[in-house]
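Participant: Please work out how this folds:
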Amino acid sequence: MGSLTNKFRPYQQQANPCTRTHQIGALALVAISFFLTRLFDQTFSPCSRTAFQYSSNVQLPISQDVLNFNPDRSVSWPVRGFGSELNLKIYVYDENEIDGLKALMYGRDGKISPDSCIRGQWGTQVKIHRMFLQSRFRTENKEVADLFFVPAYVKCVRMMGGLNDKEINQTYVKVLSQMPYFRLSGGRNHIFVFPSGAGAHLFKSWATYLNHSIFLTPEGDRTDKRDTSAFNTWKDIIIPGNIDDGMTKGIPFVEPLPLSRRKYLANFLGRAQKKVGRLKLIELSKQYPDKLESPELKFSGPDKLGRKEYFEHLRNAKFCLAPRGESSWTLRFYESYFVECVPVLLSDQVELPFQNVIDYTQISIKWPSTRIGPQLLEYLESIPDEVLEKMIARGRQVRCLFAYAPESQPCSAINGIFWELQRKIRHFHGSTETFWLHNRSIVNRDLVSFSDWKPPMPLP
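Facilitator: Below you'll find the model as predicted:
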């Protein structure tokens, strides 16, 4: 018998010698592989473009789906996850349809006027309702609706004494128990507006009854006063606050000033409210009165600051400081874009609207609230005016998303909200109290068909 060595000769002895041609081919193959790898990375990476360079420091990359700051292009929403066009159907509950809904809108006696509720920073509760009523996406057929809008002006009603906290809670529960479609989806396709820093906490039992519903709110955090925040990143939508119509419609009653004519480096226009960050700013303004303006504002009485005077103060600085107050959001952040000062967020937990399309690093600054002091002013003073001009120009392009203009205008807060809502639409909604049979009929726990569900219905 021969040995294994004799039967199976090494491959090296059978291989052809490696020539120079082989070496050149191998190098070419390596080069082509490297080129193709880079090409694929750039093609499929969502972050293939670099950010605007403020300095030599490395900047965060900008997604191709982020709003393009090109004056020749209109605002467009990213296709990924949203669709190529708006296509949704929203049912708006009528105030006479559900017993108790009028109380949530006009108070127990029905005497609170919506026109008195539309003014001020919480006016979104009325504006959004009115825009939904007039929207081309509104449907009066519940069976085809993707989403359901529940109108309520509870922030205003509460502030004006129309309902107290206990009445608000009881009335909400009463209203929800009369909505079969709310029961059908567990509230997942129902929309509620909570326009203030209190968020959904205006309804004390929100965590029990609305924990799956969609909230439209400017507030993303209230853990300073609550055990939990009512805002959920994955189901809720942050909306802009309600800016004075005099600054967003037509010719504003206060025009921005050129940077060279602004008296102050920065300003803070607001009450102290016994908040640490605000108190620090007020103290800082006393140390550097020529750089930081922080006047003692009067919001009532004969010395009350008028709307025009307020915005005249706001426009007189290059930077508008927006610290946390009673909650993490502040209307001053949005107002700053309409007097064209660069907003500086001093609120660590703040959530901002339309982050799917807006890169806020290009139009604002966020500074740690724990580092409010001379270092902040030194940093702001170091930024060249030409950089500020570019930030202001980009803010000028994007601020239309912060104005509650008619949906006929392609760039408006309401259209931004519609785009965000479209992403929430599901073809099917299940809940712990919804069941279905082989013939596709929907039944409840007692096997009663959905068409036979009668209010008041039990809530979870």
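Participant: Tell me the secondary structure of the nearest residue to L101 once chain neighbours are set aside, please.
Facilitator: Nearest residue to L101 in three dimensions, chain neighbours excluded: E95, at 5.2 Å (CB to CB, 6 or more residues apart in numbering). In this view, the C-beta of every residue, glycine as well, is placed from N, C-alpha and C. Counting by DSSP: H, G, I helix; E, B strand; the rest coil, the backbone at E95 sits in coil.
Participant: and stretch 335-349, how far from the chain's centre?
Facilitator: Chain-centre distance of stretch 335-349: 15 Å, with CA atoms, centre = their mean, to the nearest Å.
Participant: And stretch 164-177, by the same measure?
Facilitator: Offset of stretch 164-177 from its chain centre (CA atoms, centre = their mean): 27 Å.
Participant: quick one: buried residues of that stretch?
Facilitator: Within stretch 164-177, the residues that qualify as buried by neighbour count (16 or more other CB atoms under 10 Å) are E167, I168, N169, Q170, T171, Y172, V173, K174, V175, L176, S177.
Participant: S347: which of these is nearest?
Facilitator: I168 (27.0 Å; CB to CB).
Participant: ok, now which ones touch the closest one?
Facilitator: Taking CB atoms under 8 Å, 6 or more residues apart in numbering as the criterion, I168 is in contact with L104, V154, V157, R158, L202, F203, K204.
Participant: was I right about the last one contacting Q170?
Facilitator: No. Taking contact to mean CB atoms under 8 Å, the distance of 9.8 Å between K204 and Q170 leaves them out of contact.
Participant: Redo the buried residues of stretch 164-177 as TSV? Include distance to E293.
Facilitator: Output for these, formatted as TSV (distance: CB to CB, whole Å):
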residue	distance to E293
E167	42
I168	39
N169	42
Q170	46
T171	44
Y172	43
V173	47
K174	49
V175	46
L176	47
S177	52
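Participant: Run through the neighbouring helices and strands of the lengthiest strand in the chain.
Facilitator: With residue count as the measure and DSSP state E as the assignment, the chain has strand 317-323 as its longest strand. Applying 3 or more CB pairs under 8 Å, 6 or more residues apart in numbering; DSSP states H and E, we find strand 317-323 packed against strand 264-267, helix 276-287, helix 331-339, strand 342-346.
Participant: one step back: name the member of the contacts of I168 that has the highest neighbour count.
Facilitator: V154 (29 neighbours; other CB atoms under 10 Å).
Participant: coming back round to it: and the contacts of I168, which two are furthest apart?
Facilitator: Within those, V157 and K204 form the most distant pair, 14.8 Å apart (CB to CB).
Participant: and for the longest strand of the chain, what are the contacting residues?
Facilitator: When contacts are defined by CB under 8 Å, 6+ apart, strand 317-323 is touched by residues 259, 262-270, 275, 277-278, 281, 292-293, 314, 330, 332-333, 335-336, 339, 341-347, 365, 369, 372, 380, 385, 388.
Participant: before we move on, what about stretch 439-456?
Facilitator: Outside of stretch 439-456, the residues that reach it under the criterion CB under 8 Å, 6+ apart are K174, S177, Q178, M179, P180, R183, L184, E433, T434, F435, W436, L437.
Participant: now the strands for the stretch 151-300 of the chain?
Facilitator: Listed in chain order, the strands of the stretch 151-300 of the chain (DSSP state E, counting those that start in this stretch) span residues 190-193, 214-217, 237-238, 264-267, 292-293.
Participant: Out of the contacts of stretch 439-456, which one has the weakest pLDDT?
Facilitator: Lowest in pLDDT among the contacts of stretch 439-456 is E433, which has 85.
Participant: Next up, the contacts around it.
Facilitator: Residues counted as contacts of E433 (CB under 8 Å, 6+ apart) are R183, G186, N444, R445, P458, P460.
Participant: Pull out the buried residues from those residues.
Facilitator: With burial judged by 16+ other CB under 10 Å, the buried subset of the contacts of E433 is R183, G186, N444.
Participant: between these, which is nearest I417?
Facilitator: Of all the buried ones among the contacts of E433, the one with the least separation from I417 (CB to CB) is G186, at 22.3 Å.
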